[in-house]
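1. Requesting a structural model of the entry that follows:
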Amino acid sequence: MISTPTGLKPAPSQKALPAWPVYAYFAGFPLWWVLGTSAFAVVVVALPMAALLLRHGQVRAPRALMVWLGFLMCMAASAVMVDSMARYIGFFMRAGTYLGVTVLFLYIYNSTIPARKIIHALVAFWAFIVVGGWLGVLLPQGSFGTPMEQLLPGSISSNDFVHNIVHPSFAELQQPWGVAEAFARPSAPFPFTNAWGCNYSLLLPFVFAAFHLAGSRRAKLGLVALLGLSLVPAFATLNRGLFIGVGLGVSYAAGRLALRGRLRPLISLLVVVGIGVVVAWFAGVFEQISARTSASSTTQDRMALYRETFRRTLQSPLFGWGAPRPSETLQVSVGTQGHIWNLMFSYGFLALGFFAVFIWWTVWRSRDVPTAEALWVHVSLLVSGCAITYYGFDGPQMAVVMVSAALLLRAVSPPPRPQLPAAVGVAVLPRATPERAGALQGSR
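-> Purely as a prediction, here's the structure:
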């Protein structure tokens, strides 16, 4: 388990922050999806969180927040480069997401909510992603209208990006030129298959964390059964990024467990991975991935897009361009196909630096978390630090990143820092002490 002032168990505060806003977002995601409001959910939930934080009194923050605030300032400054109303709408939607997850980060960091409950909320979210994946497998042509679709003017709801959110489909149908039959790749409850794969790979470590926290054999068997069921939609996505993320996280965790002499969980982990690889092999997953990639130029197109992104960012290195722009040679926009490319092109090199430092500094600070549960939270953040190179990060992914960072940083408190201006209302936690080394242990 992770540690905060006494493990992953946070220090008591004047007024305990309730857990319901965290559950409302993660465990309540099915409702956001059915309503057609999932793209704005983190902003909506951040409003009561902010109000509860203000009522809470003294709000404290780790040193890493200073780096994150640097990113937010760079993002805000890039607004001067936005050149159309449509791009302003996209800019403010992304800005709202970043502000919303900032509030979520502070809420988790200052709360006394046991890490066990937060992990369970994330596992509930992952379980719904598995359900959505199965909808994509069983009903690949399926879709439905939402209340939000009915409320929006047709001129807005007909926009391709908006339509994918307010009129969800269960799978993404792709038919590269020369392929006789379209690839049906599960995507629900997200608009795109890549979002499904990204969320799956970031949340899977929390499933392993929950397994370690499970107090009964029945709970552990339930998680194992759910993990087995998840393999079908995971393989059906044919998502290379998903397999890279899961492989990276599992390999890293296996190495860390081996160094600690934790042979029993290590052997269990390797058995699970081995079974998954064998099933994927006999199911023809690797052959289908090869068929899809050979029928399209996705890899070559990505590399060409990345080169163009870097070249055009050099034309506005400080502020970026405020938002993605059409490519000069391809049918996709520059500043997409990976979050670091979006950050670089939209907000400039300095913003990208602040963002990367925030994630990787937190990964480094939390490298010595003492328990298996805490290690898996650490693994999730490490995977996100790598996945940003090839996955886009929307609200759900950023929410998972910030929850992981908040849990880890409240477990390993930074050295004292001067109090922030009163307008910000943030005071920094004191240096971690040996007594705080058991953070997650107090969360059972």
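
2. Output the below-cut-off pLDDT ranges for the stretch 301-444 of the chain.
-> Filtered on pLDDT under 70, the stretch 301-444 of the chain yields the residue ranges 413-444.

3. which residues of it fall in helices?
-> 339-347, 349-365, 372-387, 395-411 (DSSP state H, counting those that start in this stretch).

4. Which neighbouring elements make contact with the second one?
-> Secondary-structure packing of helix 349-365 (3 or more C-beta pairs under 8 Å, 6 or more residues apart in numbering; DSSP states H and E): helix 64-77, helix 339-347, helix 372-387, helix 395-411. No exception for glycine: its C-beta is placed from N, CA and C like everyone else's.

5. what do you get for the third one?
-> In this structure, helix 372-387 makes packing contacts with helix 115-138, helix 193-213, helix 240-259, helix 349-365, helix 395-411, judged by 3+ C-beta pairs under 8 Å, 6+ apart.

6. for the longest helix along the chain, packing partners?
-> Criterion DSSP state H: the longest helix present in the chain is helix 85-110. Packed against helix 85-110 by the contact rule (3+ C-beta pairs under 8 Å, 6+ apart) you find helix 20-26, helix 41-56, strand 59-61, helix 64-77, helix 395-411.

7. swap the cut-off to 7 Å and go again
-> Other elements packing on helix 85-110 under the criterion 3 or more C-beta pairs under 7 Å, 6 or more residues apart in numbering; DSSP states H and E are helix 41-56, strand 59-61, helix 64-77, helix 395-411.

8. Tell me what angle it forms with helix 64-77.
-> Angle, helix 85-110 to helix 64-77, by axes from the mean of the first three to the mean of the last three C-alpha atoms, to 10 degrees: 170 degrees.

9. For helix 85-110, list every residue counted as buried.
-> 87, 89-91, 93-110 (16 or more other C-beta atoms under 10 Å).

10. try stretch 319-328
-> By 16+ other C-beta under 10 Å, the buried positions in stretch 319-328 come out as Phe319, Gly320, Trp321, Gly322, Ala323, Pro324, Arg325, Ser327.

11. Run through who's touching stretch 212-224.
-> Contacting residues not belonging to stretch 212-224 are listed as Arg116, Ile119, Val207, Ala210, Phe211, Ala372, Glu373, Arg444 [C-beta atoms under 7 Å, 6 or more residues apart in numbering].

12. Which pair of the residues you listed spans the longest distance?
-> Between any two of those, the greatest separation by C-beta to C-beta is 17.5 Å, found for Val207 and Arg444.

13. Tell me which of those two has more neighbours.
-> More crowded of Val207 and Arg444, by other C-beta atoms under 10 Å: Val207, with 21 against 14.

14. center of the protein - which residue?
-> Residue closest to the average C-alpha location in the chain (C-alpha atoms, centre = their mean): Gln397, at 2.1 Å.
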